[in-house]
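Colleague: Attaching a predicted model along with its sequence, questions to come.
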Amino acid sequence: MNVIRPIRNEEDYETALAEIEVLWDAEPGSADADRLDVLVTLVEAYEGEHYPIPAPDPVELILHVMEARRLMRRDLEPYLGSRARVSEVLKRRRPLSLEMIRKLQAGLGLPADVLVQPYPVQAHAARSIGSTLVH
């Protein structure tokens, strides 16, 4: 086996991925398992720098959590307000307020750093004109 070295380019990255595949079923506690752990750490660091995953859209996060936890729109009322307010937020007609973000974080454990991300919201005038989005 070769000496483990930093992943500096795509060729190094592909080589590391190929070796990870070979070592994937290594016996826990073995030298191969240790090598696998180091290679996975290096690949994760390289991917984090070169292939960052953007934070999810706040409304998409809320919709995902609703589906995963089998929540209904009425379950969001304590965090967002009235039934109409919940509808406006989920249809992107009203942005999340700071108070809503705080309640979603405290009540549902949603990450505030994702909820504060900018996302497209329909302008008030857009309801009667079309679907123009503002950021």
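Modeller: It's in.
Colleague: got the domain boundaries for the chain?
Modeller: Using automatic domain parsing, the domain parsing of the chain gives 10-50, 58-134.
Colleague: now the first one: how far from the chain's centre is it?
Modeller: Its chain's average C-alpha position is 23 Å from that of domain 10-50, according to C-alpha atoms, centre = their mean, to the nearest Å.
Colleague: closest one to residue 2 among the domains of the chain?
Modeller: Closest approach to residue 2 among those (C-beta to C-beta): domain 10-50, 8.2 Å. For the C-beta atoms, the positions are set from N, CA and C on the backbone; glycine is no exception.
Colleague: And that closest one, end to end?
Modeller: 10 Å (C-alpha to C-alpha, to the nearest Å).
Colleague: please renumber so the chain begins at 304
Modeller: Noted, 304 is the first residue going forward, which turns the last one into domain 313-353.
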